[in-house]
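Enquirer: Structure, please.
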Amino acid sequence: MKKSLLVLPLVLLASALALSACGGGSSSASSGGGEDAAIEEAIETSATSADPSKCSEVQTQSFNETETGTTGEESLEACEEAAAEEEAEVAESVTVSDIEIEGEEGAAAVAVEGGSLGGQIVAAGLQKEDGDWKVDSFFAFIKYDPASLAGALEETLAEQEGVSAELAACVAGGVEEMTEEEAEMMVFEKENEGFEEILAACKG
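Expert: Below you'll find the model as predicted:
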């Protein structure tokens, strides 16, 4: 994530955490009007659509690079290919709240239903490019549900050829015991060392 985008999301996290502690509402904290709607649409399309066009229309190159582990134009091609082949697991729906806008940067809280992050509330960072809002990152948990994350992972693993139900359950159990920080590194930073250690232990 670009350094210039760090301050705004940290403000968002603080406000969103305060709201959740109070059982808070879903209203946007900004007065962006049409801007808010554009941000909501960008996040919803990025999180729920399997259309390859989302890779260029509502996602930044930085986002695609993080998600695909590639760089430059290759990241766009990799994103489009994954979407076309339905390799990227999408959410069933999202609820966007607590939108903050500061110039060409934005941030929001995203409650996810279904998919690999179902049951979580995550923080999204956005960037305005050529007048259009695009998702630049999903970068942290605002509300973390380890059981939901583990359950989604177990489902995904169980569908993979050569993965037994026992192995899938073992790996999911290990992921459920991760700290929130470790889970954030795995989900948002694509650091797989912890996951690989769990997999190796389960394989025995």
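Enquirer: What segments of the chain are strands?
Expert: 93-102, 105-113, 121-129, 132-143 (DSSP state E).
Enquirer: Quick one, which of the ones you listed gets closest to residue 159.
Expert: strand 105-113 (19.4 Å; C-beta to C-beta). Heads up, the C-betas are built off the backbone N, CA and C, glycines and all.
Enquirer: thinking again about what came up before, among the strands of the chain, which is the most enclosed?
Expert: strand 105-113 (a mean of 24; mean count of other C-beta atoms under 10 Å).
Enquirer: Residues in contact with that strand: which ones?
Expert: Strand 105-113 is contacted from outside by 4-5, 8-9, 11-12, 16, 35, 39-40, 43, 47, 91-100, 118-128, 133, 138, 142-143, using C-beta atoms under 8 Å, 6 or more residues apart in numbering.
Enquirer: hmm, 7 Å instead?
Expert: Contact with strand 105-113 is made by 4-5, 8-9, 12, 16, 39, 43, 47, 91-100, 118, 120-127, 133, 142, as judged by C-beta atoms under 7 Å, 6 or more residues apart in numbering.
Enquirer: Only alpha carbons, please: show it as PDB.
Expert: Listed next in PDB are the C-alpha coordinates belonging to strand 105-113 (Å, rounded to 0.1, in the frame of the first residue of the first chain):
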ATOM      1  CA  GLU A 105      -7.800   8.800  -1.400                       C
ATOM      2  CA  GLY A 106     -10.600   7.000   0.400                       C
ATOM      3  CA  ALA A 107     -11.200   4.200   2.900                       C
ATOM      4  CA  ALA A 108     -14.100   2.200   4.100                       C
ATOM      5  CA  ALA A 109     -15.200  -0.700   6.300                       C
ATOM      6  CA  VAL A 110     -16.500  -3.700   4.400                       C
ATOM      7  CA  ALA A 111     -18.600  -6.500   6.000                       C
ATOM      8  CA  VAL A 112     -18.300  -9.600   3.900                       C
ATOM      9  CA  GLU A 113     -20.800 -12.400   3.400                       C
END
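Enquirer: what pairs with that strand, and is each one parallel or antiparallel?
Expert: According to DSSP bridges, strand 105-113 forms sheet pairs with strand 93-102 (antiparallel), strand 121-129 (antiparallel).
Enquirer: Quickly list what the spatially most central residue of the chain is bridged to.
Expert: The centre of the chain sits closest to residue 138, judged by C-alpha atoms, centre = their mean, with a distance of 4.1 Å. On the basis of DSSP bridges, residue 138 is bridged to residue 124.
Enquirer: mind listing what it touches?
Expert: Per C-beta under 7 Å, 6+ apart, neighbours of residue 138: 122, 124, 188.
Enquirer: can I get those in JSON lines with pLDDT and distance to residue 57?
Expert: JSON lines is the format used below for these (pLDDT from 0 to 100; distance: C-beta to C-beta, whole Å):
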{"residue": "122", "pLDDT": "95", "distance to residue 57": "21"}
{"residue": "124", "pLDDT": "95", "distance to residue 57": "16"}
{"residue": "188", "pLDDT": "91", "distance to residue 57": "22"}
